[in-house]
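Trainee: Build me a model from this:
(one chain, ligands or ions: 1)
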Amino acid sequence: MAEYLNIALPKGRLGERAYAMLDGIGFGCPSILEQNRKLIFENTENRVRYFWVKPSDVAVYVERGAADVGIVGKDILLEQNAEVYELLDLGIGVCRMAVAGFRGTRISTDRTLRVATKYPNIAREYFRSQSIEIEIIQLHGSIEIAPILHMSDVIVDIVETGTTLRENNLEPLETIVPISARLIANKASYQFNRERMLEMCRRMDALRNERKEGVGRDSTVSI
Ligand code: PRP
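Mentor: Now for the predicted structure:
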């Protein structure tokens, strides 16, 4: 009998949407829909086991092999630089990483720019590529408050609809990178479960294209 395939899902709306896709391609696990506080669910018939984990922990479970595959935002993958294979762009959770601030904020090399963010590595890398010296102010949420209170000059954060920025009188100044949810795999596990994982990718890609949602067709197996 086939081994279980362990799948780490990010708790929350993105994870629920990803599960709906997995269910749609034959990796369903009905017990996951029960209203309880369990975190691990398995389906003995189709040999899948799901874990609900904190979104920023998905890549840790996959990197360490506790999960064979996982669903994670590209923002987290870029920030953590995890040693995993990125198999597929799921075309959900589409947004962008941006520099934002007050209209007319000047980003120049004249002085050190104070950048508030949950994503220090992405911010450092971006401004390094622009040869702009920065000071990182690391926060864990409600980043938009920092420039309003003059604690930072700009923020680096996710922009989806732009509503949060608008309602706080801020605006996107520069786009750093487009973001969406990715299917990732543990490197060793990929070698052992290659066929099953590739089949999973093929079906998810087909489903994604059927739904005609999300960003362009950059859904390649980049390993
Ligand atoms: C994210 C992000 C922005 C907001 C962007 O915050 O940090 O604040 O969503 O979405 P919008 O462009 O559609 O308004 P999240 O809800 O994750 O909460 P956080 O402030 O705790 O990061």
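
Trainee: which residues in this structure form strands?
Mentor: 5-10, 40-43, 48-53, 69-73, 85-89, 95-101, 113-117, 134-138, 154-159, 171-179, 181-185 (DSSP state E).

Trainee: Any idea which of those strands gets closest to the ligand?
Mentor: The ligand sits nearest to strand 154-159 of all those, at 4.3 Å, using C-beta to the nearest ligand atom. Placement of C-beta: from N, CA and C, glycine included.

Trainee: and the angle from that closest one to strand 134-138?
Mentor: Counting by axes from the mean of the first three to the mean of the last three C-alpha atoms, to 10 degrees, strand 154-159 lies at 50 degrees to strand 134-138.

Trainee: Tell me which strands strand 154-159 pairs with, and in which orientation.
Mentor: Each strand that pairs with strand 154-159, with its direction, by DSSP bridges: strand 95-101 (antiparallel), strand 113-117 (parallel).

Trainee: In CSV: those strands, plus mean neighbour count.
Mentor: Putting the strands paired with strand 154-159 into CSV (neighbours: other C-beta atoms under 10 Å) gives the following:
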stretch, mean neighbour count
strand 95-101, 22
strand 113-117, 23
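
Trainee: I'd like the ones you listed written out as CSV, with mean pLDDT added.
Mentor: Below are the strands paired with strand 154-159 laid out as CSV (pLDDT from 0 to 100):
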stretch, mean pLDDT
strand 95-101, 98
strand 113-117, 98
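
Trainee: and those strands as CSV, adding distance to the ligand?
Mentor: Shown next, in CSV, are those (distance: least, C-beta to the nearest ligand atom, whole Å):
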stretch, distance to the ligand
strand 95-101, 7
strand 113-117, 9
